[in-house]
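Novice: pasted the sequence and its predicted model underneath.
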Amino acid sequence: MSAGNYGMEQLIPIMNRMQDVFTQLGVSNNIDLPQIAVVGGQSAGKSSVLENFVGKDFLPRGSGIVTRRPLILQLINGPTEYGEFLHCKGQKFMDFLSIMKEIEDETDRVTGANKGISNLPINLRVYSPHVLNITLIDLPGLTKLAVGDQPTDIGDQIKDMIMTYICRETCLILAVTPANTDLATSDALQMAREADPEGHRTIGVLTKLDLMDEGTDAKDIMENKVIPLRRGYVAVVNRSQKDIVGKKDIKMANAAERKFFLSHPSYRHMADRCGTVFLQKQLNQQLTNHIRETLPSLRDKLQRQMLGLEKEVAQYKHFQPNDPSIKTKAMLQMIQHLQQDFERAIEGSGADGVNTMELSGGAKINRLFHERFPYEIVKMEIDEKVLRKEIAFAIRNIHGIRVGLFTPDMAFEAIVKTQIGRLREPSLKCIDLVVQELTNVVRAVTEKMQRYPRLREEAERIITTYIREKEQACKEQVMLLVDFQLAYMNTNHEDFIGFANASSDSQNAENTGKKLGKVTNQVIRKGYMAINNLGITARNKNYWFVLSSESLSWYKDGEEKEKKFMLPLEQLKLRDLESSFMSRGHMFAIYNPEGRNVFKDFKTLDLSCETQDDMDSWKASFLRAGVYPEKQTSEGTVGEGEEEGERRESVDPQLERQVETIRNLVDSYMKIVTTSCKDQVPKIIMFLMVNDAKAFINGELLAALYSTGDTQNMMEESADEALKREEMLRMYHACKEALNI
């Protein structure tokens with residue numbers, strides 16, 4: 001691209017050759033070549049201006065949108081007069097009417113005959129002794145209304161197409177505007193102003209000066225006084241419709257144009273700076289200067305792009321898609337990458353591709369183990385009133401007809417077994433959630449295999465099937481764990497309070513009527529949540545919450561300077577809420593079971609988090625603070641009559657003491673069992689499922705893939721990947737060839 005050796009007159013032909021390279025190779029080039037785009041409304045005279053340059057009729061004419069594809073018109077000074085199309089390489093069009101027909105046919109071939117438009121350009125090269133070297137892009141005329149079968153948004157489509165060209169800094173804008181209309185409403189100048197606000201790249205062209213009302217002229221516009229442009233305005237007079245129909249010769253029209261400017265009193269003094277001949281010289285000069293200015297940066301861009309492509313293209317240069325050895329090597333590499341990615345996703349090693357938006361993989365499983373699972377266990381506990389009622393019935397049924405003098409241990413065992421049996425559901429749910437997350441990880445790590453869709457599909461199927469098999473084994477082991485707990489009640493456990501202490505505790509509770517309070521007000525969690533029941537103005541507003549073991553406070557922001565409220569947590573409960581159309585995210589509420597106001601005049605404090613993970617984490621934190629979820633019972637709420645009946649039935653103080661004793665025993669023993677369960681279930685899941693899946697992927701996946709006997713078909717490239725490879729190679733060769741020009 002050593003343009004200086006050829007002289008300034010060779011700059012435009014160099015750009016033409018580069019334009020041909022990118023167009024011919026079918027590359028959607030993001031390197032912007034210097035060019036001139038012709039913009040104007042329908043019937044503004046764009047086609048006539050271009051034809052005047054050539055001196056021949058060669059552009060299609062008619063009503064409505066005639067130019068429906070960008071026409072890259074390369075005017076080249078040469079001894080003979082003919083045209084060439086890039087899509088008809090080697091064919092010379094000596095007759096300009098045949099050029100017109102070819103433009104129409106090529107347009108219809110791509111856009112159809114329904115007046116639709118296309119971004120795919122037509123490249124036309126016109127050689128003539130009467131032209132100067134210029135490259136122009138004729139764009140569809142601006143329109144506002146659809147005609148016939150055109151899409152209703154045809155105006156927006158045309159505008160978008162024009163903007164893709166004129167927004168490029170390397171593109172000069174030739175804004176064609178009829179002089180007999182108000183310049184302030186010119187579509188061409190308005191679009192040019194959008195793309196080039198400072199007017200550095202815009203050249204104004206005024207047409208139809210001969211059709212202006214008597215007594216008016218465009219002198220002020222041409223002297224750049226109305227809407228100033230850095231490159232100024234050039235006025236031209238085109239042939240009238242009558243002249244075109246009458247086949248008036250363009251050379252005669254140019255002579256008439258020259259006579260018009262010389263004889264008009266307003267334009268006589270500037271006649272040398274008006275007309276088609278001057279416009280052609282001006283465009284040639286301005287485009288040459290523009291190319292000279294942009295050439296160094298263009299070369300740098302091409303070199304940078306080629307260097308960027310070299311690394312990716314290296315693997316494709318000698319690539320043979322059907323070579324079995326290449327397929328085998330690619331398969332081994334894919335499986336190796338999958339193994340590494342799965343390991344990183346679970347163990348969290350490495351910083352490449354770390355998800356900064358949400359928890360995933362091992363981190364998500366960790367949260368399931370230590371926040372979601374404990375919350376689900378607490379949520380499954382039975383209502384306190386129902387539990388005491390069950391204990392009372394168990395004691396009385398065990399005593400039978402006799403009056404019981406001692407608290408029966410069989411009642412304790414019956415109640416504890418019921419409670420232990422309830423642990424199955426949250427434990428199985430934890431396994432389901434871990435399986436779901438592992439499946440998501442597998443799907444994510446196999447995405448890199450999309451170049452070979454069948455391999456990806458088969459690898460994902462094999463791993464998922466294995467995880468499902470391990471899921472079943474895991475569930476069986478967890479069920480066994482619960483059965484182990486049901487098989488033997490270890491009342492000699494060192495953490496179990498025993499009957500003597502349970503009776504003593506119940507007596508102390510009866511005497512004092514109090515429970516031991518918390519020793520310290522420890523901060524458990526901080527973070528943003530929204531309050532959803534403060535009225536429309538404050539709805540969904542985020543506050544900074546600080547949860548401690550005794551209270552919930554919220555502030556205006558994380559600086560914790562402006563405290564809004566502090567809510568004591570004593571006797572409060574928690575329940576889930578369904579999100580409404582007025583709220584966002586995942587919701588839950590804090591309330592007082594006795595129906596008292598929680599916050600000002602509100603019975604509940606409705607809170608929402610942006611994600612399910614955030615909500616689960618907050619709920620787990622509230623558990624640590626002693627705010628437990630609302631208990632779900634199948635019997636429904638206890639009616640007033642039943643409550644009164646219970647009070648009448650429970651008047652026996654001895655029975656009350658026995659109930660309290662059993663209750664304390666159950667509470668003590670269930671703490672031991674749930675602590676064991678919280679510890680054992682994650683270990684079972686890790687041993688039987690997560691670690692096993694990891695070992696399977698590292699050791700047996702490749703053998704499982706080969707055992708299908710279809711590895712060659714598995715390594716068939718996707719059509720998209722083949723297209724991407726071809727596109728990259730084309731782009732690389734286009735850049736290389738352009739740099740050699």
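Specialist: Thanks, I have the structure now.
Novice: C-terminal to the helix or strand of the chain with the lowest mean pLDDT, what's the next element?
Specialist: Across the helices and strands of the chain, mean confidence by mean pLDDT, DSSP states H and E is lowest for helix 640-649: a mean of 44. Tracing the chain past helix 640-649, the next element assigned as helix or strand by DSSP states H and E is helix 653-685.
Novice: next, the angle helix 653-685 makes with the helix or strand following that following helix.
Specialist: In the C-terminal direction, the helix or strand that comes right after helix 653-685 (DSSP H and E) is helix 691-699. With axes from the mean of the first three to the mean of the last three CA atoms, to 10 degrees defining the directions, helix 691-699 sits at 0 degrees from helix 653-685.
Novice: next structured bit after helix 691-699?
Specialist: Next in line after helix 691-699, if elements are assigned by DSSP H and E, sits helix 701-707.
Novice: how distant is the helix or strand that that next one is followed by from the center of its chain?
Specialist: Using DSSP H and E, the helix or strand that follows helix 701-707 towards the C-terminus is helix 711-714. On the basis of CA atoms, centre = their mean, to the nearest Å, the separation between the geometric centre of helix 711-714 and that of its chain is 33 Å.
Novice: secondary structure class for the residue nearest to residue 373 when sequence neighbours are not counted?
Specialist: Take residue 373 and drop its neighbours on the chain: the residue closest to it by CB to CB, 6 or more residues apart in numbering is residue 430, 4.5 Å away. The way it works is simple: take the backbone N, C-alpha and C, and place the C-beta from them, glycine included. Assigned state for residue 430: helix (three-state reduction, DSSP: H, G, I helix; E, B strand; the rest coil).
Novice: how far away is residue 430 from residue 684?
Specialist: 10 Å (CB to CB, to the nearest Å).
Novice: between these two, tell me which one has more neighbours.
Specialist: Neighbour comparison, residue 430 and residue 684: the larger count goes to residue 430, with 26 against 20 (by other CB atoms under 10 Å).
Novice: so the more buried one touches residue 370, yeah?
Specialist: No: taking CB atoms under 8 Å as the definition, residue 430 is not a contact partner of residue 370, at 10.8 Å.
Novice: now for these two: what residues contact both?
Specialist: Listed contacts common to residue 430 and residue 370 are residue 682; contacts here mean CB atoms under 8 Å, 6 or more residues apart in numbering.
Novice: list the buried residues in stretch 193-213.
Specialist: Across stretch 193-213, burial judged by 16 or more other CB atoms under 10 Å covers 193, 195-196, 199, 201-209, 212.
Novice: those residues in helices, which ones?
Specialist: Of the positions in these, 193, 195 sit in helices, assigned by DSSP state H.
Novice: residues contacting the residue nearest to residue 373?
Specialist: For residue 430, the residues meeting the contact criterion (CB under 8 Å, 6+ apart) are 368-369, 372-373, 376, 681-682, 685.
Novice: which of those residues ranks first by neighbour count?
Specialist: Compared across these, residue 685 has the highest neighbour count, 28 neighbours, by other CB under 10 Å.
Novice: how about the secondary structure of the closest residue in space to that one that isn't next to it in sequence?
Specialist: Counting by CB to CB, 6+ apart, the nearest residue to residue 685 once its immediate chain neighbours are dropped is residue 434, at 5.4 Å. When the structure is split into helix, strand and coil by three-state DSSP, residue 434 lands in helix.
Novice: so residue 434 sits right up against residue 689, yeah?
Specialist: Yes: at 6.8 Å, residue 434 and residue 689 qualify as touching, with contact defined as CB under 8 Å.
Novice: what's the pLDDT at residue 741?
Specialist: According to the model's per-residue confidence, residue 741 sits at a pLDDT of 61.
Novice: also residue 234?
Specialist: For residue 234, the model assigns a pLDDT of 92.
Novice: in what helix or strand does it lie?
Specialist: Using DSSP H and E, residue 234 falls within strand 233-235.
Novice: name the next helix or strand downstream of that strand, please.
Specialist: Scanning forward in sequence from strand 233-235 by DSSP H and E, the next helix or strand is helix 241-245.
Novice: show me what contacts residue 290?
Specialist: 34, 170, 172.
Novice: so what sits opposite the last one in the bridge?
Specialist: Put plainly, it is residue 172. According to DSSP bridges, the partner residues bridging residue 172 are residue 36.
Novice: dump the residue contacts of it.
Specialist: If a contact means CB under 8 Å, 6+ apart, then residue 172 has 34-37, 201-203, 231, 286-287, 290 as its contacts.
Novice: thought residue 626 was touching residue 569?
Specialist: Yes: with contact defined as CB under 8 Å, residue 626 and residue 569 form a contacting pair (6.4 Å).
Novice: who touches both of those two?
Specialist: Both residue 626 and residue 569 are in contact with residue 549, where contact means CB under 8 Å, 6+ apart.
Novice: neighbour-wise, which of these two wins?
Specialist: Neighbour comparison, residue 626 and residue 569: the larger count goes to residue 569, with 17 against 13 (by other CB under 10 Å).
Novice: quick one, what contacts that one?
Specialist: Counting by CB under 8 Å, 6+ apart, residue 569 touches 549-552, 625-627.
Novice: same thing with residue 441?
Specialist: Residues in contact with residue 441, defined by CB under 8 Å, 6+ apart, are 342, 345-346, 360-361.
Novice: what two of these have the greatest distance between them?
Specialist: Longest distance between any two of those is 12.3 Å, between 342 and 360; criterion CB to CB.
Novice: beta partners for residue 127?
Specialist: On the basis of DSSP bridges, residue 127 takes part in beta bridges with residue 76, residue 82.
Novice: how near is it to residue 388?
Specialist: Noted for residue 127: a distance of 103 Å to residue 388, by CB to CB.
Novice: and for residue 485?
Specialist: For residue 485, the distance to residue 388 under the criterion CB to CB works out to 23 Å.
Novice: so the two - more neighbours on which side?
Specialist: For residue 485 and residue 388, the more surrounded residue by other CB under 10 Å is residue 485, and the numbers stand at 23 against 18.
Novice: ok, now how distant is the more buried one from residue 103?
Specialist: If you measure residue 485 against residue 103 using CB to CB, the figure is 85 Å.
Novice: circling back: which one among the contacts of residue 569 gets closest to residue 111?
Specialist: For these, the minimum distance to residue 111 (CB to CB) is 64.9 Å, reached by residue 552.
Novice: which non-adjacent residue is nearest that closest one?
Specialist: Using CB to CB, 6+ apart and skipping the chain neighbours, the partner closest in space to residue 552 is residue 567 (4.6 Å).
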